[in-house]
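Novice: Here is a sequence together with a model predicted from it:
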Amino acid sequence: MSPVSDRHAWPFRDSSGYRIHVRLRVWPTHEGSYLAIATDFQLGAGLINAAESLVRASMQEFGPAVTVVRHFPPYTMSAFERDTFEVLTLDSRGVARPHQCTAEVLDLLGPGVTGYPGDNAPGPVNTDLPVVPAQSVQLMRLLAAALRLTQHRTLERHDNGYPAAHERVTQKDLDSISHLRLTGAALNHLANFIAEINVNTDGTVAGAKRDKTLRKIIRSLHERTWALSELCDELIAAELRPEAAAPSTQRPPSARTSHRRRSRGLR
C-alpha cells in the first residue's frame, strides 16, 4: 500500500516554537481519516521530547481523528537493531502516551515501511540480512543527492551555444530556516564520518602529521557547523519575534553622540 503523501522534510514546531523536521507519510483509513507515520531523523528535539507537538501538528493538518505513529529506524533512539513504531495518543492532560504497534504496522503496510528511504528491499522483515546497507552505499547516495542539489539545467543559450540562463534541477521547497537546519545537520554527520578515516596507516611520523592535520580539519568543520546552527537560531528568534527583525524607524545616533556614550561607559 502506497502513501497518499510522502514528505521527506515535514516541519512542525515544538512547545518552544522551534522547528523540527521529520519524514511524514500519510495513508487514508477506512474510517475516513488518516494514518500519519513520522520518521525521526534526530533533528531538533526529536520525537521523544516533541511527541505532544507532533500529535497536535498532525491533528491540525489532518483533523482530530488522525492516527499518529512515530517511527524510529534501526539504531536510533529506542529502536536498537530493528525498527520501532509507536502510536501516540493524548491523555486528558495533553500528555502523549506511546503504545508499541510495530507488528501491526508491518502487518498492515509491509516491510517497505521500515528504515530510511531505500534502506530495505521488499521481503521478510526478520531475515539475517544486514538491516543497514554498507558505507559505500550510503556515501554514494549522499554524493548522488549532493550532485542533484547543485546541478543546473539550461533554459536559454546564446547564439554561440553558451548558456544564457539556467535554473536548479531540484525544485526549491526549503525556506531559509529549514535550509540551514538540514544542511548543518548533514555537515555535522559528514564531519563525524570523515573523522573515522585512518590516515596513519603506516604508523610513521609522516602518518602522525597527516592524522594531526585531519583532526584540525574535523575541528574546523564542527566549528562551521556550530556557526550554521547559531545563524539558524538567529533566524528562528527573528521569526518568533517579528518586531525584533523589523527595521528601526529611529534615526541612528550621530558619530559624536555614539563616541560620547562609549566614553561614558568606559569611566
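Specialist: Alright, I've got the coordinates.
Novice: Flag every buried residue along stretch 211-229.
Specialist: 214, 218, 221, 225, 228-229 (16 or more other Cβ atoms under 10 Å). All C-beta atoms are positioned from the backbone trio N, CA, C, and that covers glycine.
Novice: where does this structure dip in pLDDT?
Specialist: Where the chain drops to pLDDT under 70, the residues are 44-45, 120-131, 242-267.
Novice: what about the closest residue in space to residue 12 that isn't next to it in sequence, which helix or strand?
Specialist: Ranked by Cβ to Cβ, 6 or more residues apart in numbering and with sequence neighbours excluded, the top spatial neighbour of residue 12 is residue 57, at 3.7 Å. Applying DSSP states H and E as the criterion places residue 57 in helix 51-62.
Novice: Who does the helix or strand following that helix pair with, and is each partner parallel or antiparallel?
Specialist: Counting by DSSP H and E, the next helix or strand C-terminal to helix 51-62 is strand 67-72. Sheet pairing of strand 67-72 (DSSP bridges) gives strand 34-40 (parallel), strand 84-90 (antiparallel).
Novice: now those as CSV including mean neighbour count?
Specialist: Shown next, in CSV, are these (neighbours: other Cβ atoms under 10 Å):
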stretch, mean neighbour count
strand 34-40, 23
strand 84-90, 19
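Novice: Can I get the ones you listed in TSV including distance to residue 154?
Specialist: Listed next are these as TSV, based on distance: least, Cβ to Cβ, whole Å:
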stretch	distance to residue 154
strand 34-40	36
strand 84-90	45
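Novice: Quick check: closest non-adjacent residue to residue 200.
Specialist: Closest residue in space to residue 200, ignoring its immediate chain neighbours: residue 207 at 3.4 Å, by Cβ to Cβ, 6+ apart.
Novice: Quick check: the one you found is in a helix.
Specialist: Yes. Checked against DSSP: H, G, I helix; E, B strand; the rest coil, residue 207 lies within a helix.
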